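>>> pasting the structure only:
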């Protein structure tokens, strides 16, 4: 029997669309929903998904199926509670660590100087920033440097002398949590696998490559470290399957250090990756393209418009890794109820999995569909032995 792998983006509210599917329909769920942070002023991000939505996700997921849900560092507890209250079992929380987080901290000293009309001392200019933003106006820079202002066509570095100079309101973000939960098994893990074709995590497919050698003897197995054996007996051999996958994922900058090379790493989505397939779309600004005054008003566009203007595009490499982690060995169907610009569905397509994404915002659906159409299908078909 020949089956066609399909990927689809549905424009609509996920709560309404999910109700059209029967019970136990999907094998896995991966999603990057609203974090409830009012991110970049987007209306869709004023709250985390409700318990009612997660109950529908639970209903359409097969017993034993796993959900991986991205969350914000400040609101992950709310996300996890709603998922758990819907009936899922929280199994773990993966951490995606990266070095390129964007600080969103108010310089309290500068804000006080603004209130008191205090003069700040000019200490220099960020020439590289000024060169990249020749049309900048007065305001606060979004670069994360709390001492930076934009004046005329230059980025001016200033410093004050009040006690609160150097105080801020937030730390540099360097991780995103990914909540791992599962629908309760129908019996044991083994029984569930036989009945529903879904069970657990694909450990071997997600092992981390390693050149380290292992010592094996009749009594035990010991590891060599930098060529130094702990026991002189027996022979050494490569751990052919690789290291057991961990619940942290690192970007390349973090993974440069020796202790971190044992973990999977993935950088953020590049400009080329996020815009691939969107060549025919209109370039648009998003709320993150603006500079804000200290009073909160917008003041000029600082970044170029983007064809894929979704503000939270996840990297394909990351999505492929976690898809492989939770998809069953045969005939799986992946769901993303908050599909955004379609990265989850695109990753599933390139891996050869069937997937359905639901997205409420029409403009993001158009981006997702363009990305899907442009991708090269590696496995359009597969054979099922009947």
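Thanks, I have the structure now. In this text the structure is predicted, and so the values were computed from the model without any measurement.

>>> these two touch, right, residue 192 and residue 185?
Yes - Residue 192 is within contact range of residue 185, at 4.1 Å (criterion: CB atoms under 8 Å). Yep, even glycine has a C-beta here, placed from its N, CA and C like the rest.

>>> Please enumerate the shared neighbours of those two.
Residues touching both residue 192 and residue 185 (CB atoms under 8 Å, 6 or more residues apart in numbering) are 63, 64, 199.

>>> who touches the helix or strand that residue 8 is a member of?
Per DSSP states H and E, residue 8 falls inside strand 7-11. Residues from elsewhere that reach strand 7-11 (CB under 8 Å, 6+ apart): 17, 339, 342, 345-346, 348-349, 354-360, 362, 365, 368-369, 372.

>>> separation between residue 318 and residue 373?
22 Å (CB to CB, to the nearest Å).

>>> swap in residue 15?
27 Å.

>>> of these two, who's got more company?
residue 15 (17 against 9; other CB atoms under 10 Å).

>>> what's the model's confidence in the strand holding residue 8, averaged?
In this model, strand 7-11 has a mean pLDDT of 94.

>>> For it, buried residues please.
7, 9, 11 (16 or more other CB atoms under 10 Å).

>>> Backbone dihedrals for residue 363, both of them.
phi -60, psi -30 (degrees, to the nearest 10).

>>> Let me know how buried it is, in neighbour terms.
Residue 363 has 15 nearby residues by other CB under 10 Å.

>>> before we move on, what about residue 52?
Neighbour number of residue 52 under other CB under 10 Å is 10.

>>> From residue 32, how far out is it?
Taking CB to CB, one finds residue 52 at 19 Å from residue 32.

>>> for the helix or strand just after the strand holding residue 8, which positions count as buried?
Next along the chain after strand 7-11, taking DSSP H and E as the criterion, comes helix 14-18. By 16+ other CB under 10 Å, the buried positions in helix 14-18 come out as 14, 15, 17, 18.

>>> okay, among these, which ones form the most distant pair?
Using CB to CB, the two most remote members of these are 15 and 17, lying 7.5 Å apart.

>>> sorry, back to before: now, the contacts of strand 7-11 that are in strands?
Members of these lying in strands (criterion: DSSP state E): 354, 355, 356, 357, 358, 359.
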